[in-house]
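In: generate a structure from the sequence data that follows.
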Amino acid sequence: MADEKPSIQFSERQRAYLAYPHYAVLATLSADGSPQLSTTWFGLEGDKIVINIEKESLKARHIKRDPRVAISIPHGGRYVAIKGRAEFDENQDQTEARADLIKLGYRYYGSIEGMNQVESFGSAPRLTIYIIPEKITSVGV
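Out: Numbering: from 1, shown residues only. Next comes the predicted model:
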């Protein structure tokens, strides 16, 4: 799943901007079609955005039902916004899912505080989501 190369790719400037740990805002679709927004950590693997969420969260249920998502990574007056589809492995090994979460925690907070942040999330099962870009826009990047 994470090996498939998206047909739409980030520019070098977008990639450089996304290298910094800005917070992202994820939009998923509820059953009635209305958007649900969540602030989240993100990473970049190739040309895919990677997030890690609780397996039974509202956003996970939305993604399982309808994989269309949008994610915006704003900072000041600049941003990168991606519309795309989410992919995941429903049977992802929890050791692997937890390792993905730890990697994101380290990205945002470093090793000690990152681990404290990860531990504060508790032991609920996790799910790593890969967002495959279908459209990328940016301002000031």
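
In: quick check: residue 108 is in a helix.
Out: Yes. Under DSSP: H, G, I helix; E, B strand; the rest coil, residue 108 sits within a helix.

In: show the contacting residues for the closest residue to it other than its chain neighbours.
Out: Closest residue to residue 108 apart from its sequence neighbours, by Cβ to Cβ, 6 or more residues apart in numbering: residue 21 at 4.6 Å. Every C-beta, even on glycine, is put in place using the N, C-alpha and C of the backbone. With contact set as Cβ atoms under 8 Å, 6 or more residues apart in numbering, residue 21 has these partners: 41, 107-108.

In: now do 10 Å
Out: 41-43, 73, 104, 106-109 (Cβ atoms under 10 Å, 6 or more residues apart in numbering).

In: buried subset of those?
Out: The neighbour-count test (16 or more other Cβ atoms under 10 Å) applied to those identifies 41-43, 73, 104, 106-107, 109 as buried.

In: could I get those residues in TSV, plus columns for pLDDT?
Out: Converted to TSV, the buried ones among the contacts of residue 21 look like this (pLDDT from 0 to 100):
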residue	pLDDT
41	97
42	98
43	98
73	98
104	96
106	94
107	96
109	94
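
In: list just the nearest of the residues you listed to residue 13.
Out: Nearest to residue 13 among those, counting by Cβ to Cβ, is residue 73 at 13.1 Å.

In: so that closest one: helix, strand or coil?
Out: State at residue 73, reduced to three classes by three-state DSSP: strand.

In: quick check: next helix or strand after the worst-scoring helix or strand of the chain on mean pLDDT?
Out: Least confident element among the helices and strands of the chain, by mean pLDDT, DSSP states H and E: helix 111-120 (a mean of 90). Counting by DSSP states H and E, the element after helix 111-120 in chain order, helix or strand, is strand 126-139.
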